[in-house]
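K.L.:
when you get a sec, could you give me coordinates for this:
(one chain, ligands or ions: 1)
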Amino acid sequence: MNLDKYYITTPIYYVNDNPHIGHAYTTLIADVYARYFRKRYGSSSVFFLTGTDEHGAKVEKAAKEKGIDVKSFVDKVSQEYQNVWKKLNISYDNFIRTTDELHEKNTKDLLQKLFDKGLIYKGVYKGIYCLGCEKFLTQEEITENKCLMHPNTILREQEEENYFFRISSFVGKLEKLIKNNSYLVLPEGRKKEILSRIQGGINDISISRKGIEWGIPLPWDKGHTVYVWIDALLNYLTATKIFNKEDFWPPTIQFMAKDILWFHAVIWGALLLGLELNLPKEIFAHGFFTLDGQKMSKSTGNIIDPNDLINTFGVDGTRYLLLSAFAFGADGDISYKKFKEKYNADLANGIGNLVSRIAKLCEKVENLEIGEKISKNTARSRKIDECMDNFRPDSVLEIVWTEISKLDQQINSATLWEKTPEELSSLLPIYIEKILEFAKDLEFIIPDTSNKIRRTFCVDGKIKKLEPLFIRIQ
Ligand code: MSP
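P.N.:
Residues are numbered from 1 along each chain as shown. Here you go, the predicted structure:
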């Protein structure tokens, strides 16, 4: 394990539709970790990958419904993802697309390797297929003839000739590695679920599809294309080859939600064992959030486009609201109303008001000595490191906002606005120092705001009042 290399991934998202805030949430978490690791270990130690999953029947069907040829359709939606990540200030190092020629070539090579090792064989699969999940369902995943995850998708019984991967050869080893945390599946509760499902028995998994044209042809049998999930999982590996990042192997943390943990913990793990490669160090599956108590879905129309959130609350407003909405790892509910209240309370009236009050008071004073001095509160940064190590970035915000309101109260009781410029010149640096500490604590979460605060107070000349960091929303 290369300890000075940190490889962080998000799932690669399907391009059957535009990004929504579910995708934004995971990507934002990964971005916060990438920024945090860069700050802690240096920029060259981090490789942050995201991308889009562009093959398979679901994507092909979406393109046909729109009457667009599939390639133009996937180009367009993939671009939507890249645009919104740029807007949200996502600092990914590379963006992988599974329709990239190099990904296709590397995927073929990897599968050929497994085939040559005798780990892939031909068989017949019969089962209930859900197009929403792009997989055959188990009995537990079906209720009243409907998929638990995609109740509006019509389930079909499918029987077809497929190639299978001998996952059964690796289950014992995988179980051991997960149990002894060499292959760390988190949170603990989800790890237990995975282990009990493994103990229930696993069938070999089909890795090809016969009737699906929109995919990568198997190198040894052109009549089959690679099953979209196998194609997608291999992206984490092909990316290291495509982007010349092989020395970052294996991934340090792979983020996703609980819906796709099985594919990662078990199928991805087994593929890597088959390829005789090191397994990821940690896989973290966070919860799912609902919107106003309802599952987000196209058919009910309750999907939030991250662009809308950014237009309303700004980039850092959106980053703050998504991250602080609920405990990372757990399921949660979000609502526009709660977002608005929190935005006004914590951002406009909270940190925004605090910073502008102090900056305004600085205008009364000539020659305030602040310079480039940005210290950090070591006791607090230790607590922040602990929260990050324990996968609770939401708690980082709680810690900092508790301090922000304490400082607000101190300023109120100090009645600074009644002080003379002389008194202010000795009092203000104390408050500015604290605000700069907040900026430092928050730089990997709300980077623009953190920079604006620095630029306001760390100036050569006179400190001037600044444009509001967060404008109150009515
Ligand atoms: N293409 C596959 C992943 C392949 S990775 C090798 C896929 N794509 S997806 O577009 O459906 O994205 C699923 C992921 O989006 C979830 O695991 C999670 O990261 C994110 N989320 C989608 N909806 C979400 C919520 N409602 N709540 C939280 N995260 C959500 O699966």
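K.L.:
can we go C-alpha only for contacts and neighbour counts from here?
P.N.:
Fine.
K.L.:
OK, contacts around G123?
P.N.:
E161, N162, Y163, F164 (C-alpha atoms under 8 Å, 6 or more residues apart in numbering).
K.L.:
among those, which are in strands?
P.N.:
Among the contacts of G123, the members found in strands (DSSP state E) are E161, N162, Y163, F164.
K.L.:
want to try CSV for the residues you listed, with pLDDT, distance to G189 and neighbour count as columns?
P.N.:
Below are the ones in strands among the contacts of G123 laid out as CSV (pLDDT from 0 to 100; distance: C-alpha to C-alpha, whole Å; neighbours: other C-alpha atoms under 10 Å):
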residue, pLDDT, distance to G189, neighbour count
E161, 90, 36, 16
N162, 92, 34, 22
Y163, 97, 33, 26
F164, 96, 30, 20
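K.L.:
farthest-apart pair in these, please.
P.N.:
Using C-alpha to C-alpha, the two most remote members of the ones in strands among the contacts of G123 are E161 and F164, lying 9.5 Å apart.
K.L.:
give me the buried positions along stretch 240-255.
P.N.:
Buried residues in stretch 240-255, counted by 16 or more other C-alpha atoms under 10 Å: T240, I242, F248, W249, P250, P251, T252, I253, Q254, F255.
K.L.:
number of nearby residues for the closest residue in space to the second one that isn't next to it in sequence?
P.N.:
Right, I242. Once flanking residues are discounted, I242 sits nearest to L102: 6.5 Å by C-alpha to C-alpha, 6 or more residues apart in numbering. By the criterion of other C-alpha atoms under 10 Å, L102 has 17 neighbours.
K.L.:
CA atoms of the strand or helix carrying L102 as PDB?
P.N.:
Using DSSP states H and E, L102 falls within helix 101-116. The C-alpha atoms that make up helix 101-116 are tabulated as PDB, following Å, rounded to 0.1, in the frame of the first residue of the first chain:
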ATOM      1  CA  GLU A 101     -11.600   4.400 -26.800                       C
ATOM      2  CA  LEU A 102      -8.900   3.900 -24.300                       C
ATOM      3  CA  HIS A 103     -11.300   2.700 -21.600                       C
ATOM      4  CA  GLU A 104     -12.800   0.300 -24.100                       C
ATOM      5  CA  LYS A 105      -9.400  -1.100 -25.100                       C
ATOM      6  CA  ASN A 106      -8.300  -1.500 -21.500                       C
ATOM      7  CA  THR A 107     -11.600  -3.100 -20.500                       C
ATOM      8  CA  LYS A 108     -11.200  -5.700 -23.300                       C
ATOM      9  CA  ASP A 109      -7.600  -6.400 -22.200                       C
ATOM     10  CA  LEU A 110      -8.700  -7.000 -18.600                       C
ATOM     11  CA  LEU A 111     -11.500  -9.300 -19.500                       C
ATOM     12  CA  GLN A 112      -9.300 -11.200 -21.900                       C
ATOM     13  CA  LYS A 113      -6.900 -11.700 -19.000                       C
ATOM     14  CA  LEU A 114      -9.700 -13.200 -16.900                       C
ATOM     15  CA  PHE A 115     -10.900 -15.300 -19.800                       C
ATOM     16  CA  ASP A 116      -7.300 -16.700 -20.400                       C
END
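K.L.:
could you measure from F170 over to D305?
P.N.:
Using C-alpha to C-alpha, to the nearest Å, we find F170 at a distance of 40 Å from D305.
K.L.:
again with D31
P.N.:
19 Å.
K.L.:
neighbour count winner among the two?
P.N.:
Using other C-alpha under 10 Å as the criterion, D31 and D305 rank with D31 on top: 26 against 16.
K.L.:
before we move on, which element is the more buried one in?
P.N.:
Taking DSSP H and E as the criterion, D31 maps to helix 21-41.
K.L.:
counting contacts, what elements does that helix pack onto?
P.N.:
If you count contacts as 3 or more C-alpha pairs under 8 Å, 6 or more residues apart in numbering; DSSP states H and E, helix 21-41 packs onto strand 6-14, strand 46-53, strand 253-257, helix 306-324.
K.L.:
residues in contact with the last one: which ones?
P.N.:
It stands for helix 306-324. Helix 306-324 is contacted from outside by 19-21, 24-25, 28-29, 84, 87-89, 339, 342-343, 347, 393-394, 397-398, 445-449, 470, using C-alpha under 8 Å, 6+ apart.
K.L.:
distance of V84 relative to the ligand?
P.N.:
14 Å (C-alpha to the nearest ligand atom, to the nearest Å).
K.L.:
same check, this time on S206
P.N.:
Where the ligand is concerned, S206 sits at a distance of 16 Å (C-alpha to the nearest ligand atom).
K.L.:
also P421?
P.N.:
P421 is 51 Å from the ligand, by C-alpha to the nearest ligand atom.
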